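Visitor: Here's a sequence, model it:
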Amino acid sequence: MSVDAAGTLIDVPQWIDQQKLSSLQILVAVICGVAVMLDGFDAQIIGFVAPAIISELKAEPQVLARVFSAGLFGILIGCLFLAPIADTVGRRSIMIISVLVFALATFATAWANNLDQLMALRFVTGIGLGACMPNALALTSEYAPMRLRGRITAWMFTGFSVGAFAGGILAAQIIPAYGWRSVFIVGGLLPLLLCLVMVLALPESVRHLAARSAAPARISAILMRIYPDPHLNPDTRFTISEKHAGGFTLPHLFKHGRAIGTVLLWVMFFLMLFDVFLLASWTPTVLIGAGLTREQAVYAGAAQQAGSVLATIILGPLFDRIGFYRTLVPLLLAAAVAVVVMGAPGTNLAVTDTAAFFAGAGVMGGQTTLIVLAGAFYPTFIRATGVGWGLGIGRTGAIVGPLAGGAMLASQWRPEQIFQLAAIPPVIVACLLLVMSRLTRLKKGAHAPSH
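Guide: Residues are numbered from 1 along each chain as shown. Here you go, the predicted model:
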């Protein structure tokens with residue numbers, strides 16, 4: 001903070017870092033966490049209701065796969081093209097629009113009467129889902145003080161797994177009584193309520209406002225809700241220490257030393273989402289082929305999800321204490337070992353479930369933390385673009401992963417061979433993280449250290 005003839009000059013990120021965590025910052029993280037939870041709920045419910053849809057519409061399972069693909073393609077579009085607009089118009093507006101889009105499309109899905117309607121509505125739903133997550137990350141991280149940013153953003157992202165889990169529980173309870181359409185009614189009404197909360201209570205990113213030279217009175221009003229600093233007055237001027245520039249945001253991902261880091265992040269997102277969706281889609285089927293019962297295989301799949309949630313909760317404080325790289329590299333290498341053990345012939349059930357838990361912690365939890373790393377790597381003025389494009393590129397891996405698993409099963413690969421292949425991506429990503437830690441330096445104001 002400095003004072004000159006023109007009044008007090010406040011660097012907004014530094015000012016936030018100097019304050020205690022306020023109720024406003026907690027509110028932002030909670031609202032974004034609920035948005036991500038409903039994102040996870042609406043993203044996964046199509047899988048939970050698929051058997052009921054197949055039965056009612058007399059559809060073949062392979063035909064319904066087109067509905068799944070439409071949703072994934074919509075998410076890709078949302079990540080690549082809608083999410084980055086927030087770097088120009090603001091996170092709050094795009095968050096509200098994205099949640100409203102997937103709320104209305106999900107609600108309308110309850111009245112779909114054929115597969116073409118389902119495909120169109122899931123595509124629109126996907127656009128909203130794809131734009132929501134990058135901006136939830138950006139908004140949460142930009143309000144969090146640096147010393148707590150890792151844990152706050154990581155904990156916020158546990159909402160996705162919680163939402164996906166809740167979708168399964170809800171579907172199991174209400175489909176027998178009210179039919180599959182009721183799940184989409186609930187899945188549409190909840191985010192509509194969240195939209196109302198966001199309109200009334202969610203502030204714009206104050207760092208984004210400072211980077212865009214917004215009116216000082218608007219910035220000051222938000223900062224006063226964090227801490228009533230006497231230096232905040234009509235003469236206060238606000239700045240942001242990060243470098244920022246105007247114009248089209250995508251090219252800036254490759255400028256000022258960010259090109260290598262951007263390419264590495266894209267490759268890592270692709271590999272991790274490939275592995276996440278390969279394991280999530282085929283673990284129970286492959287384990288049944290290895291001799292487990294259907295119930296045992298489902299529990300092993302559930303253990304992966306439990307590991308993912310617990311890892312995200314635990315990893316946040318470690319990011320703040322020892323950094324992203326020192327945390328993620330050992331985790332990913334341990335996950336690779338766990339994936340191999342999970343598919344080893346003759347492994348007893350307790351070992352398989354334990355290995356599945358640690359595989360989920362490293363692979364699925366590691367993917368979530370890559371999003372947090374991307375949010376720390378990019379400065380404020382391109383954060384939504386950087387995270388959105390990383391997730392968008394990664395979505396191609398999410399599409400290829402299940403296809404690769406199906407091809408391996410069709411080619412009669414043994415279970416241990418499939419899991420051995422699934423162990424390769426986290427090893428490659430661990431190596432790429434080491435390269436990134438040496439060849440890039442996170443810009444001033446970012447969270448993660450470069451070690």
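
Visitor: Find out how far stretch 300-317 is from the centre of the chain, if you would.
Guide: Relative to the centre of its chain, stretch 300-317 is centred 14 Å away, using CA atoms, centre = their mean, to the nearest Å.

Visitor: Any buried residues in it, and which?
Guide: Within stretch 300-317, the residues that count as buried by 16 or more other CB atoms under 10 Å are 300-312, 315-316. (Glycine included, C-beta is placed from N, CA and C.)

Visitor: Please apply the same query to stretch 321-337.
Guide: Across stretch 321-337, burial judged by 16+ other CB under 10 Å covers 323-329, 331-337.

Visitor: pLDDT of it, averaged?
Guide: Across stretch 321-337, pLDDT averages out at 90.

Visitor: got the contact list for it?
Guide: Under the criterion CB atoms under 8 Å, 6 or more residues apart in numbering, residues 150, 311, 315, 318-319, 358-359, 361-363, 365-366, 369-370, 372-373, 376, 423-424, 426-427, 429-430, 433-434, 436-437, 448-451 lie in contact with stretch 321-337.

Visitor: do that again at 7 Å, thanks
Guide: Contacting residues not belonging to stretch 321-337 are listed as 315, 318-319, 358-359, 361-363, 366, 369, 373, 423, 426-427, 429-430, 433-434, 437, 448-449, 451 [CB atoms under 7 Å, 6 or more residues apart in numbering].

Visitor: Output stretch 134-152 as CSV, nothing but the C-alphas.
Guide: In CSV, the C-alpha atoms belonging to stretch 134-152 read as follows (Å, rounded to 0.1, in the frame of the first residue of the first chain):
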residue,chain,number,x,y,z
PRO,A,134,-13.7,-23.0,-14.5
ASN,A,135,-15.4,-19.9,-13.2
ALA,A,136,-16.2,-21.5,-9.8
LEU,A,137,-12.5,-22.1,-9.5
ALA,A,138,-11.5,-18.6,-10.7
LEU,A,139,-13.9,-16.9,-8.4
THR,A,140,-13.0,-19.0,-5.3
SER,A,141,-9.3,-18.7,-5.8
GLU,A,142,-9.5,-14.9,-6.4
TYR,A,143,-11.2,-14.3,-3.1
ALA,A,144,-9.0,-16.7,-1.1
PRO,A,145,-5.9,-15.4,0.6
MET,A,146,-2.7,-17.0,-0.7
ARG,A,147,-1.9,-18.8,2.5
LEU,A,148,-5.2,-20.7,2.3
ARG,A,149,-5.9,-20.8,-1.4
GLY,A,150,-4.9,-24.4,-1.9
ARG,A,151,-7.1,-25.9,0.7
ILE,A,152,-10.1,-23.6,0.0
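
Visitor: Run the chain-centre distance for that stretch.
Guide: The chain centroid and the centroid of stretch 134-152 are separated by 13 Å under CA atoms, centre = their mean.

Visitor: before we move on, what about stretch 399-408?
Guide: Relative to its chain's centre, stretch 399-408 lies at 22 Å (CA atoms, centre = their mean).

Visitor: go on, stretch 396-408?
Guide: Here stretch 396-408 is found 20 Å from its chain centre; the criterion is CA atoms, centre = their mean.

Visitor: Need the residues that contact that stretch.
Guide: Outside stretch 396-408, the residues that touch it by CB under 7 Å, 6+ apart are Leu72, Phe269, Phe270, Leu271, Leu273, Phe274, Asp275, Phe277, Leu278, Ser281, Trp282, Ile418.

Visitor: buried set for the helix or strand hosting the third one?
Guide: Going back to what we said before, that points to Phe270. Per DSSP states H and E: Phe270 is located in helix 259-289. Judged by neighbour count (16+ other CB under 10 Å), helix 259-289 contains these buried residues: 261-262, 264-289.

Visitor: and what of stretch 204-214?
Guide: If you call a residue buried by 16+ other CB under 10 Å, then stretch 204-214 has these buried ones: Glu204, Ser205, Val206, Arg207, His208, Leu209, Ala210, Ala211, Arg212, Ala214.

Visitor: Please work out how many residues are found near the closest residue to the third one other than its chain neighbours.
Guide: It stands for Val206. Counting by CB to CB, 6 or more residues apart in numbering, Val206 lies nearest to Ile222, which is 4.7 Å off, once chain neighbours are set aside. Number of residues near Ile222 (other CB atoms under 10 Å) recorded here: 18.

Visitor: Could you name the specific helix or strand carrying Ile222?
Guide: According to DSSP H and E, Ile222 maps onto helix 216-226.

Visitor: What of Gly291?
Guide: Using DSSP H and E, no helix or strand contains Gly291.

Visitor: Which pLDDT value goes with it?
Guide: pLDDT at Gly291 comes out at 83.

Visitor: Then Ser2?
Guide: What the model reports as pLDDT for Ser2 is 46.

Visitor: just the one 5 residues further on next, same as before
Guide: Looking at Gly7, its pLDDT reads 60.
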